[in-house]
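Student: Give me a model of this one.
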Amino acid sequence: MFGERPYAAVSTAELAQRAGVARGLINHYFGNKRDLYLAVVRRMVTLPRQDKVPIPDGAPGERVDAIVGWLLDTIAEHGTTWVKVTSHEGVGDDPEVQQILDQADDAAAERMLVMIGRADLADSASLRALVIAYAGLVKVAGREWITRATLTRAQVHRLLADTLLTMITVTIPGVLLTEPAPAVESGER
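Tutor: Numbers count the residues shown, from 1 in each chain. Just a heads-up that it's a prediction; the model follows:
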């Protein structure tokens, strides 16, 4: 229901009715509508476990194709609800929602670096930021595909795969060349 209508237009009574449970049960498990919404946001932005994603050991293009297919499968599974919660259309400029989204972006950046075979770069703030910027593209492309139907899944796949492959083969190596070397502490060689 949060994917169908704005947060304010959804009542706890309607949620309970749609779920086929008593309103008190929602209150028992979640406290109130806002806490339920925060649980939905957490669920929508938490990527499936990595061991559920078969990433080939082959060429970067094969890895990228598998990663993007997995991302799009995840988006398709949640549809408009995913679009709403990842684009701040839910409860607006809520600090708790923003914190959940920021934590999810950070975790996704780390996961993406592992999936592209560069777990060694997870400590680099600038490379994590590049991957988070890529996540912004994923969110907008997902919205154009799921909500607006201005792009097809195949078009979104191509856009995201081409961009990710460029990041892996061009952007990340370029950033690594321009990052300052780690400082050597005195007494170390």
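Student: Now for I168, how many residues are close by?
Tutor: 19 (other C-beta atoms under 10 Å). In this view, the C-beta of every residue, glycine as well, is placed from N, C-alpha and C.
Student: what stretches of this structure score poorly on pLDDT?
Tutor: Scanning the chain for pLDDT under 70 picks out 47-53, 88-93, 180-189.
Student: where do the helices sit along it?
Tutor: 12-19, 23-30, 33-45, 60-86, 95-115, 125-146, 153-166, 172-178 (DSSP state H).
Student: Of those, which is nearest P6?
Tutor: The closest of the helices of the chain to P6 is helix 60-86. By C-beta to C-beta, the value is 8.4 Å.
Student: Okay, angle between the closest one and helix 125-146 too, please.
Tutor: 70 degrees (axes from the mean of the first three to the mean of the last three C-alpha atoms, to 10 degrees).
Student: I'd like to know which elements helix 60-86 is packed against.
Tutor: Applying 3 or more C-beta pairs under 8 Å, 6 or more residues apart in numbering; DSSP states H and E, we find helix 60-86 packed against helix 33-45, helix 95-115, helix 125-146, helix 153-166.
Student: residues of the longest one that come out buried?
Tutor: Across helix 125-146, burial judged by 16 or more other C-beta atoms under 10 Å covers 127-128, 130-131, 134-135, 138-146.
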